[in-house]
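Visitor: my questions concern the predicted model and sequence given below.
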Amino acid sequence: SENSEEFKMPETCPACGEKVFKDEDGPFVRCINSRCPAQTVRNIIHFVSKSAMDIDGLGEMQIARLAELGIITDASDLYFLTAEKLSNLDRYGEKSISNLLEAIEKSKRNNLDRLINALGIREVGEKAAKILAAKFGNIERLSAATAEELIETEDIGPVTAEYITEYFSEKKNSELIEKLKQAGVNTEYKEETVDSEFEGLTFVLT
């Protein structure tokens, strides 16, 4: 109609103001800022999931409540939680809080592939995370990798390579990773080997 205005795709996220990126395979734009308030809860739910950092004891409702209270703004804030902060959660007793803090502490020792998966980079799931962790060895080398280096990696195509470089080019994501390192989260790949002497054997502990 005469009064209608031509729609313009936004160049920044309406929730956090950071630059958005256009999908290669569709007409959509996407915010990849790990601290975007519109994505905080979803990102942290993925971060704590079993296939990612495997932090048991935090459900969607608890994460949403902590975000609402401003106690967590991104996944790295999980590593700075205290019993006092968690006492703000309904139905969280002393034992639940103790178990959660223990699970968070334990997750710091996870191998690098779990952390890469936990970051929620588009098209990078468990399998790709393992391949990337083994090839680059630590989060610094992965974050500095060029699209060309990534494409040379098994199972990483040009679209996924672009998602990875876009993720690490975002300042807020670099800050997230720096905070995770400061908290003591492992960012190195440790090769997982099975002692051949015991491989295939079953042990019964009594």
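Guide: Great, that's in hand.

Visitor: ok, the residue nearest to the spatial centre of the chain to residue 18 distance?
Guide: For the chain, the residue nearest the mean C-alpha position is residue 119 (1.9 Å; Cα atoms, centre = their mean). Relative to residue 18, residue 119 is positioned 16 Å away (Cβ to Cβ, to the nearest Å). (Glycine included, C-beta is placed from N, CA and C.)

Visitor: residue contacts, the residue nearest to the centre of the chain?
Guide: 34, 47, 167, 173, 176-177 (Cβ atoms under 8 Å, 6 or more residues apart in numbering).

Visitor: top helix in the protein by residue count?
Guide: helix 94-107 (DSSP state H).

Visitor: and the helix or strand just after that helix, which residues are buried?
Guide: Beyond helix 94-107 on the C-terminal side, the first helix or strand identified by DSSP states H and E is helix 112-118. Neighbour-count burial for helix 112-118 flags 112-118 (criterion: 16 or more other Cβ atoms under 10 Å).

Visitor: quick one: the helix or strand that contains residue 41 to helix 94-107, angle?
Guide: Per DSSP H and E: residue 41 is located in helix 40-48. Using axes from the mean of the first three to the mean of the last three Cα atoms, to 10 degrees, the inter-axis angle of helix 40-48 relative to helix 94-107 is 70 degrees.

Visitor: tell me what helix 40-48 is packed against?
Guide: When contacts are defined as 3 or more Cβ pairs under 8 Å, 6 or more residues apart in numbering; DSSP states H and E, helix 40-48 packs onto helix 60-68.

Visitor: coming back round to it: so which of the buried residues of helix 112-118 comes closest to residue 40?
Guide: residue 118 (14.2 Å; Cβ to Cβ).

Visitor: quick one, what contacts the closest one?
Guide: Residue 118 makes contact with 46-47, 49, 52-53, 75 under the criterion Cβ under 8 Å, 6+ apart.

Visitor: sec struct for the nearest residue to residue 179 once chain neighbours are set aside, please.
Guide: Excluding its sequence neighbours, the residue lying closest to residue 179 (Cβ to Cβ, 6 or more residues apart in numbering) is residue 76, at 3.6 Å. When classified by DSSP: H, G, I helix; E, B strand; the rest coil, residue 76 comes out as helix.

Visitor: list the contacts of residue 76.
Guide: Each residue near residue 76 by Cβ under 8 Å, 6+ apart is listed here: 176, 179-180, 183.

Visitor: which SS class is residue 30?
Guide: Applying three-state DSSP: residue 30 is strand.

Visitor: measure it to residue 101 for me?
Guide: Distance of residue 30 to residue 101, given as Cβ to Cβ: 34 Å.

Visitor: one step back: what's the residue nearest to the centre of the chain sitting at in phi/psi?
Guide: Torsion angles at residue 119 (phi, psi; degrees, to the nearest 10) stand at phi -60, psi -20.
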